[in-house]
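Participant: give me the fold of what follows.
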Amino acid sequence: MEAVFFILIGGALFSQSWNLLGLLADGRSVGLLVGSLALMSLIALIIDPMILESDLHNSHWVTNNAVFKGLIILWSVYLLASGAQHFLDLEERAVGLFAGFVSVISLVAFLYFVIRLAPETNKYGEAVWLSVSVGTLILAINAGLTFFHQAIPFHVIRLVSGWFLLVGGVILGVVGILVGIGTIGL
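Facilitator: Residues are numbered from 1 along each chain as shown. Have a look, this model is predicted:
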């Protein structure tokens, strides 16, 4: 579940960064790619968790999975809206305002995972704690930058947002690949 989500959302953020950096000028292709990756990320909801569930740690795994699945749904809906905005060439302020909401919820999920999966209070380990926490922090930062770029027309931050999307997408993809091949696990 976590690997598929991080890989697909990382790919969507990476493809959005190309448009913000001016390297891909056609908004329709970016919208189609981001929308299709967002739809594919919903597949992660039906896949069993790879690092947030175990027989040894059954006390909070239902809550952990509910928070992570909520994050999957939230980001899929946000990226579908962003893809539709790019594809149909709509006004970007509405998606920017939604990005502020997504940023706050992602920040709450980040704080939840930092506190709940801390190595001192759980036996998940530092790798699991760090990968999930860093992943949700990257999502919160990118959504926050998108909010300031699109909702409040603060165009100076466009390149900063593009580079954060590029680097954040690569980091999320690498974390997803490491979780998928079992390097990060229980």
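Participant: check contacts around the residue nearest the centre of the chain.
Facilitator: Nearest to the geometric centre of the chain sits Leu139, at 4.3 Å (CA atoms, centre = their mean). When contacts are counted by CB atoms under 8 Å, 6 or more residues apart in numbering, Leu139 touches Ile9, Leu71, Trp75, Val102, Ser106, Phe110, Gly168, Leu172. C-beta: built from backbone N, CA, C; applies to glycine.
Participant: among those residues, who's most crowded?
Facilitator: Ile9 (30 neighbours; other CB atoms under 10 Å).
Participant: give the contact list for that residue.
Facilitator: Leu37, Ser41, Trp75, Leu79, Leu139, Gly169, Leu172.
Participant: show me where pLDDT drops low in this structure?
Facilitator: 53-59, 123, 186 (pLDDT under 70).
Participant: element containing the residue nearest to the centre of the chain?
Facilitator: Using DSSP states H and E, the element containing Leu139 is helix 126-146.
Participant: from the contacts of Ile9, which land in helices?
Facilitator: The members of the contacts of Ile9 that map onto helices under DSSP state H are Leu37, Ser41, Trp75, Leu79, Leu139, Gly169, Leu172.
Participant: in a markdown table: those residues, plus distance to Ser15.
Facilitator: Converted to a markdown table, these look like this (distance: CB to CB, whole Å):
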| residue | distance to Ser15 |
| --- | --- |
| Leu37 | 7 |
| Ser41 | 13 |
| Trp75 | 14 |
| Leu79 | 10 |
| Leu139 | 15 |
| Gly169 | 8 |
| Leu172 | 12 |
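Participant: state the distance from Trp163 to Pro153.
Facilitator: 19 Å (CB to CB, to the nearest Å).
Participant: actually Phe110, not the one I wrote
Facilitator: Phe110 is 27 Å from Pro153, by CB to CB.
Participant: shouldn't Ala44 be in contact with Phe5?
Facilitator: Yes. Counting by CB atoms under 8 Å, Ala44 does reach Phe5; the two are 4.2 Å apart.
Participant: and the contacts of Leu139 as JSON lines, adding distance to Val179?
Facilitator: Compiled in JSON lines, the contacts of Leu139 are given as follows (distance: CB to CB, whole Å):
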{"residue": "Ile9", "distance to Val179": "13"}
{"residue": "Leu71", "distance to Val179": "15"}
{"residue": "Trp75", "distance to Val179": "16"}
{"residue": "Val102", "distance to Val179": "22"}
{"residue": "Ser106", "distance to Val179": "18"}
{"residue": "Phe110", "distance to Val179": "17"}
{"residue": "Gly168", "distance to Val179": "16"}
{"residue": "Leu172", "distance to Val179": "11"}
